[in-house]
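A.B. asks: Need the 3D shape of this:
(4 chains, ligands or ions: 5)
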Amino acid sequence: MVKTVGIDVGTGVVKVALFEVEGDKNEWIGKRVERIRKRDPYKLAEDTMDDLLKENGLTRDDIAYIATTGEGESLEFHTGHFYSMTTHARGAIYLNPESRSVLDVGALHGRAIRIDEHGKVLDYRMTSQCASGSGQFLENIARYLGITLEEIGELSQQSDDPEVVSGICAVLAETDVINMVSRSISAPNILKGIHISMSNRLLKLLRATKVMEGDVMVTGGLALDTGLVATMAEGVADPKNKVNVTIKSDPDSIYAGAIGAALWGGFRYEKLQELGQLQEAS
Amino acid sequence: MCADVTTDVIKDASMLKQKEMIASNYDKITSAPETGVKVSSTFVPGNLNELTMCFDIANNLPEINALSNAMRKKTGAMISDAEKMGHSEDVCTYVKADLGMMAKGNIAPNGKPMPNPDMLLLSYTGCYTFLKWFELLREQYKCPTVMLHVPYEGEGKITKNMRDYVVKQLKEEVIPTMEQVSGVKFDIDRLREYMKDSAKAEDDLVWVLQSAKNVRSPIDAYFGAVYYIGPIFSAFRGTKDAVEYYSLLRSEIEERLAKGLGPVTPEGEMGEEKYRLVVEGPPNWTNFREFWKMFHEDGAVVVASSYSKVGGVYDYDGFRHDPQNPLESLAEYCMGCYTNRNLPDRTTMMADLVEEYQADGLLINSIKSCNSFAAGELLMLREVEARTGKPGAFIETDLVDPRYFSPANVKNRLESYFQMIEQKRQGGAQAA
Amino acid sequence: MSVKEIIDRCEVLFEDVNFTSAREWKDAKPGRKVVGYLPIYVPCEIIHAAGMLPIGILGGGSDLEVIHGDAYYQSYICRIPRSTVELGVTNRLDFIDGMLFPSTCDVIRNLSGVWKLMFPEVMARYFDTPQNYRKDIGGEFYKNDLRELIESLEELGGVKVTDDDLRNSIEVYNENRKWVNKVYQYRKDKPWKTPSAEIYLLMRAGEVLPPEEHTQMMQDYLAAVENEERRMKDNCRVVLNGSFCEQPPLGMIKSIELAGCYIVDDDFIMANRMITTDISTEGDPLENIANAFLTDSMPFPSKFEPSEEEKGLYLADYVRQSGAEGVIFAAASFCDPALLDQPLLYHVLDDQKIPYIAFQFAENSGQMQPIREQAGTFADSIKLWSAA
Amino acid sequence: MKCYIGIDLGSTTTKAILMDDNMDVLGQGITNSRSNYDTAAAVSKQEAMISTRFTLFHRAFEEIPQLEGKVDDFLGGLERNFRLEQYLEQLQDLRDTCAGFVDNVRYKGMEKAMVEALDTTFGQLAEEAIPLFAPGAERKSDFFRDIAGGRFMAISEEVAKQADLSYDVLLNVYDKSIIEVENRPPAGDLAGKFMRAMDKLVTESPEFDIKDAELGKPIQEALDVELEETFVVGTGYGRVRLPFPKDHIRSEILCHGLGAHMMYPETRTVLDIGGQDTKAIQVDGQGIVENFQMNDRCAAGCGRYLGYIADEMNMGVHELGPLASKATKVAKINSTCTVFAGAELRDRLALGEKREDVLAGLHRAIILRAMSIISRSGGVTDQFTFTGGVANNEAAVTELKKLIEENYGKVTINIDPDSIYTGALGGAAFALRAAQGDTTGQEEELGAA
Ligand SMILES: Nc1ncnc2c1ncn2[C@@H]1O[C@H](COP(=O)(O)OP(=O)(O)O)[C@@H](O)[C@H]1O
Ligand SMILES: Nc1ncnc2c1ncn2[C@@H]1O[C@H](COP(=O)(O)OP(=O)(O)O)[C@@H](O)[C@H]1O
Ligand code: SF4
Ligand code: SF4
Ligand code: SF4
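C.D. replies: Ligands and ions are numbered 1, 2, ... in the order given. Predicted coordinates for the structure are as follows:
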């Protein structure tokens, strides 16, 4: 068994996963997530990894392959880099082997990825620049409503008459929301409205990847938002949408990228050892 | 152009006649599998209706299908289907609505399935999208495709080389393919006969369009004209039906004029004529009535428009189909279509219309889909403003994509424009 | 000359939105004329034969600040016309005596009219190429069209263009094309030696330099690059398609290669290799130029493909000839010809099981992260799954 | 006394102007729009009335011999103390509201600690208030939310640390309360506040201790003047949402055009950059709008963009301009998408670019976008007037001046410190006209056909 680390440097959060890997076998032995909060993400990534290693009584020399993903391309200490969709796909399969597609919803971007049973990326769609449906936006709104991130999901599910936000632009949507507050629309209805509009957008992306069936694994930070996940589940249940898929999420979904990176790192390590190329790749 | 909207809007004899004509054409097309009639798909601008008639071929116009689907609010889903098939969000939505309609089983507006065309007749290239559209259709239908390259009037004129080129293509590519598809031999005298009728109908149409020169115009030359140009821009140019329709229409408008009436709107007779506008660019179809309402509610009448010239410019420099020189005149017809003229000529045309029709200014409805119209319109606006001294305005919508019609935005701009005209008038009065 | 010296020179030429080198060429002899042309294709031989310098106007690049250009174009129109207008309004093209707007798309077609209205003192011509490929029909039309072009150039320059002038220029361009093709071939063979950003810059230089000078430059480059120590990377090989008109920022080309893809073929700036064979110098030179376009020109989206069966096959051929493992479609946002063509090309690639991805750019795109992400994932999947 | 009021409900700020029969501006008021539009309109109007009272005081005090040469000092002091009174009042309101939230189930078990923490925090806030409004002191903003909010966060973070309480909890209570406080229409009793302010001032500067009879009378008289709302006109962002009847609404374009014309009669081109929109307007010699352009649905490059950037950098919008002015080189920024502003900024900083250089680049990007809109509306003709909130930003102004000169040569550029009120000024003029029976610009009239 060798140990590998996957580091996912996001726009909002840094995630690190520590694995033991051999062939098809693997074991997840450590994890850590840290919000960036205006700190230097690269430094933070490095520190977070070192902390995690220390906690497990390891040093960097014990690690066979340090794999980065997300925006970690330029981290100097990595062995190799895999791109987000590759790692999220692998992470989704790890968390749920029945996954046939992934919806990765993070701080700024949303991506729909269609994958096969080995986690190979078959097709994908990304949100374009104009993205009111992002974590960042939701965070701003929550802040404005005086609600913590953890409360969002629960509140959204109490909605009885959701008020849909219009528009593609988060700035204009924010004005919409402010206006709703002044019209005394309740927080649950506002949040649910935002969830509905995000969900529509995400499901549209998903359909565009031509996913027809199987489990959709929601990964990224917003997988923790139970309100969004529930809204998407309602969305796919709507026969109008003509998709025969099941929305799934996992408490560890936020680690999907880091998990995928660690696992691919292990795979690549073995490959490169066979080829005797490890020196060159690092 | 679209039967089901016309009915509840205007019930004049001409409208009923048009409705009947359109219905019978759709019946002719959808019953083709039984009757054995050959069907060609072709476009509005530069359509060779008289020529196809010579071979007893029926004409199906995908643009018209798209716009009538839009009026019935069906295009949103069609476009999204086409986008799912891999078409970009950025391209012309007419194409996507058409491809999406195919994906939805290709049901004609009369509810019956549309037969596959026996021929694709690409008789106008004044817009590059048409080229691609036909490649896409051809991939689907795998039927004979005729391509008539119509050179652009880049230098503002039709040269002998251009005309010869088009005529040669007609003779050696278009006509032989049509003969082959239909099994009918080409008879140029038959073509001449049809063209005589074309010219007759064209005369009446021009009279109707020019009736808007009257202050208190009896017609709306944009929204209303959509109905007036329907037959001649589609499958009826050269038919007796069209001749009859236009003479009916003309007499109705003559009557309105005599009575001093303004245009008819979906909401009935229009009130006072407060603003006279010239409009450049096609209308929005998905919210056609709502869009129109923003004008007639505020007393704005469109007295001339470029859209009434997309399928042939008859009223500006006097072109008529000419039975004496049938092929040459077909060639000139194709090359003279509005969007095949260069921007300086289009600009001059708009400035002239503002003057001739005593308009308050030029309004541009810029269509997201259509670069053929849109690329350069902002310069046109400036030029026309400078040449006429009348204020212009610019709004942005789309043809058949409901996502790009933002009522609040359009209304805001229109209102500000009307206020501007109003303020200018009052200011002018104060200064005087 | 070293690779670095050559590429540095190219970079200077590339970044110079004032076209200093062309201005210098013009000032070197009184009476010289410069003719600009937009993408995709005009026969430069003819301009050259009139003693003029043809230069490609390929937009304003990523650093030009567009202020006035936006005033003339709506947000849903691609960027090249607005940056071109900006160049015009800011007098950066004031040394140009004539502008040609080839038959590329509605935007460029209408830009010819915009130019006539905005810059009435400059000769501006729409340049039509035939969509009918029969010699007796399209060929005849095109030949006459070319003759009209020559006449307007003769008038502009106050010169007479003889058949021998034309033959001579054809030879110059045959030689230039030969070296363009050699460079492209070299990159297919050894992509790690020739980063695509370099190849791109080298080709861009050809858009502003006299052809003879550019030919020499390519020869020097190939000689120098052979001696360059450059290590082969664990990259996959891709063909890039869709950037024939508006040009991507250099950063995008670099980002794609950085993310693990060697670009082994592309359709950037096609004017320099539009004609795929030598044009004959025997007989009527105009007819030869016209016929070469009819029978031996590269397919591109603005050109109608008369045969259903042939549609798009060329792309699969490019993939095969260059040993590529996939295709990256990179079209300019709002580029109708490219975007309408893409689904047809997808079908060909699907049939032949060639993987592909697609994204869009604008000449001034700043954020490369999504591009790296997509190109990188593409490279990842080719690498991981072909290795597995 | 007859008053004509124009209210410009912007997406970020709401402005009011009060004018008399002679078209003399007597008062102006501004507040945050980020709450309820009705409240915002009411507050800005009230503020304009308060400022009108000060104008009236001014007029009255000029007559008092003892105050000769000291009127401005006196009024300045009075105003400062008045603001302090207002601030303390709102602070108390916030404190009460926060306390009311402590019973929420979410904070079970923490109640006591929270009450203590809030007491300490608000105690400190109230203490700080006095120096904050001392003579010559600078405040980060004129809005309660900005001043109190910023300090609340700083203080409560410390307090929470010492009380071993989660800072998030205090923040959360604050977030909930501030919305309520902002949505509450302001309390009345102006006269009382004036009088208390007077007392404070006199304690502060005994030289103003003039006999009651001499001072009290003019103050009372000025306070007794009835300010009659003869006609109120509303304008601004999303006109449909304005809490006014339709015949009291005017197009924001026309208001801005007229307002700019009133400030600078020679103005021919107006640029307004507000929170969510940028407009370029061409007006003629009478202030009549000849042409205009606005940004489309996209909010890229407007004032909010700077707001996001300021948040990201933990600074106030006021501080951005000065920092950007220190740049040695202007970073090249292509995207002015507001949503991605933060990401772009982080990207740049990660690439090692300096904060001030990136900021300078961001300002340039905003102005470039505005330049395009100006160009689209027909360019710049002498004179040029820059209005809207962003006109308060010196870096934006510098960049604009540079670009205007490069593109249009030397033209007179007007920037009034009160340019943020341009739209409201036009609105007030329309109100006066409307009262005189002139309905130009009124939407109702157009819809009547
Ligand atoms: N419990 C939660 N409920 C809702 N959203 C959450 C929660 N936890 C984190 N998030 C959101 O997840 C986002 C971070 O997701 P992540 O996938 O890590 O993004 P990135 O990779 O871009 O940093 C944050 O913007 C935050 O808004
Ligand atoms: N003192 C200031 N310094 C710098 N920028 C300011 C200042 N005041 C306001 N702004 C900017 O102006 C914007 C608000 O402008 P405003 O004209 O009030 O907008 P609106 O009319 O849309 O409410 C804010 O987003 C902010 O960026
Ligand atoms: S500001 Fe809004 S509309 Fe504009 S690009 Fe950004 S998200 Fe899109
Ligand atoms: S681009 Fe314009 S002219 Fe061309 S097909 Fe579309 S709508 Fe018609
Ligand atoms: S980029 Fe595309 S749409 Fe734009 S001018 Fe070029 S070919 Fe035309």
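
A.B. asks: From here on, just use CA atoms for contacts and neighbour counts.
C.D. replies: Fine.

A.B. asks: Give the rounded mean pLDDT of the helix or strand C:Arg23 falls within.
C.D. replies: Secondary structure assignment for C:Arg23, by DSSP states H and E: helix C:20-28. Average pLDDT, helix C:20-28: 98.

A.B. asks: right, and the helix or strand after it?
C.D. replies: Heading C-terminal from helix C:20-28 (DSSP H and E), you reach strand C:34-37.

A.B. asks: ranges for the helices of chain A?
C.D. replies: Listed in chain order, the helices of chain A (DSSP state H) span A:41-55, A:84-95, A:135-145, A:149-156, A:170-182, A:187-208, A:226-237, A:256-275, A:278-281.

A.B. asks: Check the model's average confidence along the last one for me.
C.D. replies: Across helix A:278-281, pLDDT averages out at 46.

A.B. asks: likewise the third one?
C.D. replies: Here the mean pLDDT over helix A:135-145 is 81, rounded to a whole number.

A.B. asks: now the stretch 201-350 of chain D, which segments are flagged as low pLDDT?
C.D. replies: For the stretch 201-350 of chain D, the stretches with pLDDT under 70 are D:210-213, D:238-241, D:296-297, D:339.

A.B. asks: With the stretch 101-250 of chain A instead?
C.D. replies: Those would be A:128-133, A:166-168, if you go by pLDDT under 70 across the stretch 101-250 of chain A.

A.B. asks: Spatially, which residue comes closest to whichever residue of it sits closest to ligand 2, not counting chain neighbours?
C.D. replies: Of all residues in the stretch 101-250 of chain A, the one sitting closest to ligand 2 is A:Thr175 (10.7 Å; C-alpha to the nearest ligand atom). Among residues not flanking A:Thr175 along the chain, D:Ser11 sits closest, at 7.4 Å (C-alpha to C-alpha, 6 or more residues apart in numbering or on different chains).

A.B. asks: re the thing from before, how deep is the residue of the stretch 101-250 of chain A closest to ligand 2 tucked in, by neighbour count?
C.D. replies: By other C-alpha atoms under 10 Å in any protein chain shown, the residues close to A:Thr175 number 16.

A.B. asks: is it true that A:Val171 touches D:Gly301?
C.D. replies: No - if you go by C-alpha atoms under 8 Å, A:Val171 and D:Gly301 don't touch, sitting 11.1 Å apart.

A.B. asks: Need the overlap of contacts for these two.
C.D. replies: Both A:Val171 and D:Gly301 are in contact with D:Thr338, where contact means C-alpha atoms under 8 Å, 6 or more residues apart in numbering or on different chains.

A.B. asks: quick one, which of these two is more surrounded?
C.D. replies: D:Gly301 (29 against 25).

A.B. asks: Not counting its neighbours along the chain, what's nearest A:Ser84?
C.D. replies: In space, A:Ser84 is closest to A:Gly70, 5.1 Å off (C-alpha to C-alpha, 6+ apart).

A.B. asks: Neighbours of the one you found, how many?
C.D. replies: With other C-alpha under 10 Å as criterion, A:Gly70 counts 24.

A.B. asks: quick one: is stretch D:384-403 near ligand 2?
C.D. replies: Yes - counting by C-alpha under 6 Å from any ligand atom, ligand 2 has neighbours in stretch D:384-403: D:Gly388, D:Gly389, D:Val390, D:Asn392, D:Asn393.

A.B. asks: For chain B, what's the nearest residue on the stretch 201-350 of chain C?
C.D. replies: Of all residues in the stretch 201-350 of chain C, the one sitting closest to chain B is C:Phe334 (5.1 Å; C-alpha to the nearest C-alpha).

A.B. asks: check contacts around that residue.
C.D. replies: C:Phe334 sits in contact with B:Asp90, B:Val91, C:Tyr76, C:Ile77, C:Cys78, where contact means C-alpha under 8 Å, 6+ apart.

A.B. asks: same thing but at 6 Å, please
C.D. replies: Residues in contact with C:Phe334, defined by C-alpha atoms under 6 Å, 6 or more residues apart in numbering or on different chains, are B:Asp90, C:Ile77, C:Cys78.

A.B. asks: Helix, strand, or coil at it?
C.D. replies: Using DSSP: H, G, I helix; E, B strand; the rest coil as the criterion, the local structure at C:Phe334 reads coil.

A.B. asks: Now distance to ligand 3, neighbour count and pLDDT too, for the residues of stretch D:384-403 next to ligand 2, in TSV please.
C.D. replies: Conversion of the residues of stretch D:384-403 next to ligand 2 to TSV gives the following (distance: C-alpha to the nearest ligand atom, whole Å; neighbours: other C-alpha atoms under 10 Å in any protein chain shown; pLDDT from 0 to 100):
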residue	distance to ligand 3	neighbour count	pLDDT
D:Gly388	19	26	88
D:Gly389	18	21	87
D:Val390	17	25	91
D:Asn392	22	20	88
D:Asn393	20	17	91
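
A.B. asks: Throw the residues you listed into TSV and include secondary structure, thanks.
C.D. replies: TSV is the format used below for those (three-state DSSP):
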residue	secondary structure
D:Gly388	coil
D:Gly389	helix
D:Val390	helix
D:Asn392	helix
D:Asn393	coil
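
A.B. asks: Please identify which of the residues you listed is nearest to C:Tyr318.
C.D. replies: Nearest to C:Tyr318 among the residues of stretch D:384-403 next to ligand 2, counting by C-alpha to C-alpha, is D:Val390 at 53.1 Å.

A.B. asks: who are the neighbours in contact with the closest residue to chain A within chain B?
C.D. replies: With C-alpha to the nearest C-alpha as the measure, B:Lys84 is the residue of chain B nearest to chain A, at 5.2 Å. Residues near B:Lys84 by C-alpha under 6 Å, 6+ apart: A:Ala208.

A.B. asks: thinking again about what came up before, tell me the one among the contacts of C:Phe334 nearest to ligand 5.
C.D. replies: C:Cys78 (4.7 Å).

A.B. asks: how far away is that closest one from B:Val400?
C.D. replies: According to C-alpha to C-alpha, to the nearest Å, C:Cys78 and B:Val400 sit 21 Å apart.

A.B. asks: So between those two, which is more surrounded?
C.D. replies: A count of neighbours by other C-alpha under 10 Å puts B:Val400 above the other of C:Cys78 and B:Val400, at 34 against 23.
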